[in-house]
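Return a 3D structure for these sequence lines:
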Amino acid sequence: MITKFFRDRTEAGRFLAGKLSEYAGRPDVIVLALPRGGVPVAYEVAEALHAPLDVFVVRKLGVPGYEELAMGAIASGGVRVMNERVVNYLDISQGTIEIVTNREKRELERREQLYRGPRPPVSLRGRTVIIVDDGMATGSTMRAAVQALRQQQPTKIIVAVPVGARETCNTFRSEVDTMCVCAITPEPFDGVGLWYRDFSQTTDEEVRDLLARVAENQTRRVA
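Predicted coordinates for the structure are as follows:
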């Protein structure tokens, strides 16, 4: 029988923040959350580190007819990364790529507008970026996010999750320019949600509220 490790994402975020305490109070640090489930976790991390928080939206580019198979991904900041092996093997035309990209771009922009409103994305160049999700199984979404982040030239990228599959976490740790903090790596893993007593879906309203709260707290600290 599996013992649930975290009560909810709030508790998981506080636990994860304890593993990142060396980054507290550093002006170059920014915390990015993969919405929606990563936002409550990242909120606790950002608050503990006294760091700004923003969302980093990633949309998979699925192969038409086989949408679960990713031929690439787009992310916040107008970044697109392609899986050339899939594209070449399936002989996917540039026209098809553009059609799928434009569709997913509309959804990405809708979500960014919903979550961020008129605020532009924060520049990541020269920053230490801590990118947070509520867990990591295969790591495909996080991998796309990291690839996109690299194009924005941060000084350091730190992948941080409360719980992750050990093999996936080890894969990220082996990448030269990416640090990975997986607070716990239970085996057998069997899925992120199994390690939370409450793994209910995070709503868009919760995302907006948490982003607004951390921005208000940042302003109060500066004042």
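
Show the pLDDT at residue 7.
Confidence at residue 7, expressed as pLDDT, is 95.

do residue 116 as well
82.

who's in contact with it?
Residues in contact with residue 116 (C-beta atoms under 8 Å, 6 or more residues apart in numbering) are 54-55, 211. (Glycine included, C-beta is placed from N, CA and C.)

mind putting those residues in JSON lines, secondary structure, neighbour count and distance to residue 64 included?
Listed next are the contacts of residue 116 as JSON lines, based on DSSP: H, G, I helix; E, B strand; the rest coil; neighbours: other C-beta atoms under 10 Å; distance: C-beta to C-beta, whole Å:
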{"residue": "54", "secondary structure": "strand", "neighbour count": "22", "distance to residue 64": "31"}
{"residue": "55", "secondary structure": "strand", "neighbour count": "24", "distance to residue 64": "27"}
{"residue": "211", "secondary structure": "helix", "neighbour count": "23", "distance to residue 64": "33"}
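
ok now the longest strand along the chain, how far from the chain's centre?
Longest strand in the chain by number of residues (criterion: DSSP state E): strand 66-75. The chain centre lies 16 Å from the centre of strand 66-75; the measure is C-alpha atoms, centre = their mean, to the nearest Å.

pLDDT on it, on average?
For strand 66-75, the per-residue pLDDT averages 83.

Now do that strand: which elements does it pack against?
Judged by 3 or more C-beta pairs under 8 Å, 6 or more residues apart in numbering; DSSP states H and E, the packing partners of strand 66-75 are strand 58-63, strand 79-82, helix 84-89, helix 94-116, helix 140-150.
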